[in-house]
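**Q** starting from these lines, generate the structure:
(2 chains)
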There are 2 protein chains.
Amino acid sequence: MSTRGMLIVLSGPSGVGKGTVRKAMLKNSSIKFDYSVSMTTRQMRPGEVDGVDYYFRTNEEFESEIRNDGMLEYAKYVDHYYGTPLKYVNQKLDAGIDVLLEIEVNGAMQVREKMPDGVFIFLTPPDLTSLRERITHRGTDDEKTIDKRMEKAKKEIQMMTSYDYAVVNDKIPNAVEKIEGIIKSEHLRVPRIIDKYKKIIGD
Amino acid sequence: MSTRGMLIVLSGPSGVGKGTVRKAMLKNSSIKFDYSVSMTTRQMRPGEVDGVDYYFRTNEEFESEIRNDGMLEYAKYVDHYYGTPLKYVNQKLDAGIDVLLEIEVNGAMQVREKMPDGVFIFLTPPDLTSLRERITHRGTDDEKTIDKRMEKAKKEIQMMTSYDYAVVNDKIPNAVEKIEGIIKSEHLRVPRIIDKYKKIIGD
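**A** Down below sits the predicted model:
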């Protein structure tokens, strides 16, 4: 019997670099975990693989999952559903494997409700100026669109209070090191390991 | 204005090696903290320095501190008081310096009451056999004395549930690394740093 794995939720405002940090973690990590593949109803693009990039499902299949409480979190963007299937997350956790989710702040709040013993990490920009730079460098949007995104990001940063940890994404290796440290320390939390010790001292 | 320092309480059953781990932390630590010097009513021994090894006080002075709520925790062993003066701890915390206490489990529970936002780390033996070996190697006690100590240690290990973290003292460098990781991660906890972020986003 292995200890149940830990759910790690990496979130933060749009444009902070969640995806980049997640990919860096998967590549060079000193710790072991699985990344949870999302489910979506959008079309598969050339080169994408079902079960690797996403689980590709029809609208009917996705809505049936929602009705059956099969989604840990989900949202609809531009007519398509995106979400985290509960089944795969639970299978891995039951096998003693840590699972990483990299999701938007609204999704993270849904997960908080369903799995409060997860570790919720909020990735933040060093300051608002650098976030604006990131958002601006992304594409060719006009000032008005960028202002709108900044307003949204500010609101998202205020949701930090609902998280366990906040990690500044100043440099990717720094952020990765801090997140890995958090994961290691969380594995030493008494509620997560008390069963093991009960065996040692014969309850 | 610096952020208030963090109180780190290192405790665990008698014989687990708290003092050795603490000394290793003070010597080679990659993190900055101050060690809280205890107060005692026992006689100063040759070579000891007041304010370095202990704050040496008279019985009357110590009991006056107790009456004035000046002790963060204290106990009486073999007719002498030992304890942690609150004033020095608070001075350092207010200056933004982390403070490490290395104390017995009963003292740690007193600190828990007074400073619940401290970080409580329980140092455990890998198993009871190795604890018995440690206790036995210590001196020339007979079986009965050792049995008594083991019973006490078992009871102390059961108090682990009142701690935030449990760290196995299998090898000292391992334990030190884990404790330092815990301290670093705790500094990333949202409640400890939210004020800083409020400034960034203009509240």
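**Q** got the CA positions of the helix or strand of chain A with the lowest mean pLDDT in CSV?
**A** Considering only helices and strands, the least confidently modelled element of chain A by mean pLDDT, DSSP states H and E is helix A:128-138, at a mean of 77. Output for helix A:128-138, consisting of C-alpha atoms alone and laid out as CSV, is shown next (Å, rounded to 0.1, in the frame of the first residue of the first chain):
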residue,chain,number,x,y,z
LEU,A,128,2.6,44.8,-13.0
THR,A,129,5.0,46.5,-15.4
SER,A,130,6.6,43.2,-16.2
LEU,A,131,3.2,41.6,-16.7
ARG,A,132,2.3,44.3,-19.1
GLU,A,133,5.5,43.7,-21.0
ARG,A,134,4.8,40.0,-21.3
ILE,A,135,1.2,40.6,-22.5
THR,A,136,2.4,43.3,-24.9
HIS,A,137,5.2,41.2,-26.4
ARG,A,138,2.8,38.4,-27.0
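**Q** is chain B within reach of it?
**A** Yes - using CB under 8 Å from any CB of the partner chain, a contact is recorded between helix A:128-138 and chain B, made by residue A:128. Placement of C-beta: from N, CA and C, glycine included.
**Q** please report the distance of the most centrally placed residue in chain A from residue B:135.
**A** For chain A, the residue whose C-alpha lies nearest the mean C-alpha position (CA atoms, centre = their mean) is residue A:102; its distance is 2.3 Å. Counting by CB to CB, to the nearest Å, the gap between residue A:102 and residue B:135 amounts to 48 Å.
**Q** buried residues of the helix or strand just after the least confident helix or strand of chain A, list them for me.
**A** Of the helices and strands lying after helix A:128-138 in sequence (DSSP states H and E), the nearest is helix A:143-158. Using 16 or more other CB atoms under 10 Å in any protein chain shown as the burial criterion, the residues of helix A:143-158 that qualify are A:146, A:149, A:150, A:153, A:156, A:157.
**Q** any idea how far the fourth one is from residue A:125?
**A** Distance of residue A:153 to residue A:125, given as CB to CB: 8 Å.
**Q** check the second one too.
**A** Residue A:149 sits 12 Å away from residue A:125 when distances are taken as CB to CB.
**Q** follow-up on the earlier one: okay, and the common contacts of residue A:153 and residue A:125?
**A** A:13, A:15, A:16, A:131 (CB atoms under 8 Å, 6 or more residues apart in numbering or on different chains).
**Q** in a markdown table, list those residues along with neighbour count.
**A** Formatted as a markdown table, the shared contacts of residue A:153 and residue A:125 follow (neighbours: other CB atoms under 10 Å in any protein chain shown):
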| residue | neighbour count |
| --- | --- |
| A:13 | 27 |
| A:15 | 21 |
| A:16 | 25 |
| A:131 | 24 |
